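In: sequence and computational prediction follow.
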Amino acid sequence: MSAGPMTTMLAIARVAYGSALTLAPRSAARRWLGEHVDDAGAEVALRGLGARDVALGAGALVALRARQQRATAVWVAAQAVADAADLGATLFARRRLPRDGVRAAAAIAGGAVLLDAAEAIALARSARRRAP
């Protein structure tokens, strides 16, 4: 399997959402975090989270463009770890967050973990088969 449309789509979506969190954290995260987005500390954390996602998505896109499957697999695996951390943090705080936001975040982050992990595994296996 070579890196394809799914890997590209996931990386572009991550850059887009990361950019939104960095530039407009309150708007981008209000459904997820509710009134907590109005706190200055939340804004700082959300901007950092956004920058993390921009870096992860951009790293994957650069590796894809260079046709470096092993590097792409590492970037995509890092995305899965980041999404798993987001999911865990959301579930840990679920009683203090909007119910619909928790459900949406769980669905999105959970789905992203599964997709990213599957892509990373497939890319790593393919890279191993092609290695000299």
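Out: Yep, it's here.
In: show me the helices in the protein, by range?
Out: 5-23, 25-33, 40-65, 69-92, 99-130 (DSSP state H).
In: so can I have TSV of those showing mean pLDDT and mean neighbour count?
Out: The C-beta positions use only the backbone N, C-alpha and C, and glycine is treated the same way. Putting those into TSV (pLDDT from 0 to 100; neighbours: other CB atoms under 10 Å) gives the following:
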stretch	mean pLDDT	mean neighbour count
helix 5-23	96	18
helix 25-33	96	18
helix 40-65	97	18
helix 69-92	97	19
helix 99-130	94	16
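In: quickly note the distance from the residue nearest to A42 when sequence neighbours are not counted to L97.
Out: The shortest distance from A42 to any non-neighbouring residue, by CB to CB, 6 or more residues apart in numbering, is to H36 (5.2 Å). Remark: distance between H36 and L97 (CB to CB, to the nearest Å) = 7 Å.
In: over to T7?
Out: 30 Å.
In: now the closest residue to Y17 other than its chain neighbours: how far from A13?
Out: In this structure, Y17 finds its nearest non-sequential neighbour in D53, 6.0 Å apart by CB to CB, 6+ apart. Using CB to CB, D53 is found at 9 Å from A13.
In: and A71, by the same measure?
Out: Taking CB to CB, one finds A71 at 20 Å from A13.
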